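*Asks:* sequence and predicted structure are below.
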Amino acid sequence: MRGPSGFGKTLFWIGRSVAIVVAKEEPMNKDEVKGKWEQAKGYAKKKVGKATGNRDLETEGKVQQAAGKAQEEIGKGHRKVEKAVKDLRDKAEGN
């Protein structure tokens, strides 16, 4: 599956009906991957907690999802800064 600007899309399936679609021009860094993983674990905890009536587990899942999202966003910020520094370096070198 190709995105509108030619970037590939990767599908990650979580459960039966939820998919995270990621279109990237560069590979994800460790913070982004860890953040996605934490979001997936949080989602699972939230659903199990809801299904079993365990409000503590459901809340723990919501918190873990939010923490994973924050970690992913930090990773995206790092990647953007690294790209900007690389672009400036390339421009300074005349590439």
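*Replies:* Now that the structure is in, tell me what you want to look at.

*Asks:* when you work out contacts or count neighbours from here on, use the C-alpha atoms and nothing else.
*Replies:* Noted.

*Asks:* tell me the helix or strand right after the helix or strand hosting residue 51.
*Replies:* For residue 51, the element it lies in under DSSP states H and E is helix 30-52. Using DSSP H and E, the helix or strand that directly follows helix 30-52 along the chain is helix 55-93.

*Asks:* in that next one, what's buried?
*Replies:* 57-73, 75-76, 79 (16 or more other Cα atoms under 10 Å).

*Asks:* now it: average pLDDT?
*Replies:* If you average the pLDDT over helix 55-93, you get 95.

*Asks:* that one: how far from the chain's middle?
*Replies:* Its chain's average C-alpha position is 8 Å from that of helix 55-93, according to Cα atoms, centre = their mean, to the nearest Å.

*Asks:* repeat for stretch 46-59
*Replies:* With Cα atoms, centre = their mean, you get 23 Å for stretch 46-59.

*Asks:* same thing with stretch 37-45?
*Replies:* That offset, for stretch 37-45, works out to 11 Å (Cα atoms, centre = their mean).

*Asks:* can you list contacts of that stretch?
*Replies:* With Cα atoms under 8 Å, 6 or more residues apart in numbering as the contact definition, stretch 37-45 has outside contacts at 14, 57-58, 60-69.

*Asks:* measure residue 45 to residue 37 for me?
*Replies:* 12 Å (Cα to Cα, to the nearest Å).

*Asks:* more neighbours: which of these two?
*Replies:* Between residue 45 and residue 37, counted using other Cα atoms under 10 Å, residue 45 has the larger neighbour count: 22 against 17.

*Asks:* how close does that one sit to residue 71?
*Replies:* Taking Cα to Cα, one finds residue 45 at 18 Å from residue 71.
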